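Visitor: mind looking at a prediction? Sequence and model below.
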Amino acid sequence: MILNPDFPHIVWSFTYRGWRLEVDQSEEDGQVLYIVWANHEAGCAVAVPCAYTQAAAIKQAKRYVDARMKTPAIKIV
């Protein structure tokens, strides 16, 4: 059993190049942290596991999407 569950607290979300980016804000030992979830029609992933400012989180999330857009999808036959 988790004594102190950390539920998502989405403070901002926006669409970037067809991906829905959701910025989550949490606090750990007095430090505010930002995590960004990247949602796409094929699924979702944590684009940014930890950033110390909202601006840094957004910048890293956009880089994540840009990198995924450049990488061709892998097809398993």
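Guide: Noted; the coordinates are in hand.
Visitor: what's near enough to touch the residue most central in space within the chain?
Guide: In the chain, the residue lying closest to the centroid (CA atoms, centre = their mean) is residue 36, at 2.0 Å. Contact analysis of residue 36 by CB atoms under 8 Å, 6 or more residues apart in numbering lists 21-24, 46-48, 51, 57-58, 60-61, 64. In short, each C-beta sits where N, CA and C put it, glycine included.
Visitor: mark which of those residues are buried, thanks.
Guide: Among the contacts of residue 36, those scoring as buried are 21-24, 47-48, 51, 57-58, 60-61, 64 (criterion: 16 or more other CB atoms under 10 Å).
Visitor: picking that back up, which SSE is the residue nearest to the centre of the chain in?
Guide: For residue 36, the enclosing helix or strand under DSSP states H and E is strand 31-40.
Visitor: likewise residue 25?
Guide: Assigned by DSSP H and E, residue 25 falls within strand 19-28.
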